[in-house]
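**Q** everything below, folded, please.
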Amino acid sequence: MGCESYMGEQDAEMAGRWIRKVEKTMIQISIPKGLRVNCATQLLSDRAITWWETVQLRHVTETLTWSDFKTDFENQFYSRYHRKVKEQEFLALRHGDMSVLEYEGGSMISHCSPHTMCR
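**A** So this is what the prediction gives:
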């Protein structure tokens, strides 16, 4: 797939980059939504695979969707606090004398958001 494995590092930046890269790659190579969780989990190792095994035990009677996987992954490795900090950093960005929110109203960054961070 062209993606690196993820070992479950405590670096939230790394976790965020990894999940975005994996998702982008799976979309580009047309991995069906029903196979994305299986594909992504093949790239987990060390602490991350241990986390995944506990997630599977919690959801033993249900099939996890890609959205479920991303939510669980982000809750574990890319904390709500870190996402909030990144959102605040994004909103504090300035273009000239305008804030991001002021500049966004008809500019090229309208495709960006604090959650996608302009991939």
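
**Q** per-domain residue ranges of this structure.
**A** Here the domain parsing of the chain from automatic domain parsing is 12-78, 80-113.

**Q** any idea how far the spatially most central residue of the chain is from Tyr6?
**A** In the chain, the C-alpha closest to the average C-alpha coordinate belongs to Ile19, at a distance of 4.0 Å (Cα atoms, centre = their mean). When distances are taken as Cβ to Cβ, to the nearest Å, Ile19 and Tyr6 turn out to be 8 Å apart. For the C-beta atoms, the positions are set from N, CA and C on the backbone; glycine is no exception.

**Q** please apply the same query to Met26.
**A** With Cβ to Cβ as the criterion, Met26 and Tyr6 are 14 Å apart.

**Q** now the element after the helix or strand hosting Gly16, going C-ward?
**A** Following DSSP states H and E, the helix or strand that holds Gly16 is helix 12-28. Of the helices and strands lying after helix 12-28 in sequence (DSSP H and E), the nearest is helix 33-41.

**Q** between that next one and helix 12-28, how many degrees?
**A** Helix 33-41 and helix 12-28 are oriented at 140 degrees to each other (axes from the mean of the first three to the mean of the last three Cα atoms, to 10 degrees).

**Q** pretty sure Ile31 is touching Cys39, no?
**A** Yes. With contacts counted by Cβ atoms under 8 Å, Ile31 reaches Cys39, the gap being 5.6 Å.

**Q** could you pull up the residues touching Val55?
**A** For Val55, the set of contacting residues under the criterion of Cβ atoms under 8 Å, 6 or more residues apart in numbering consists of Leu64, Asp72.
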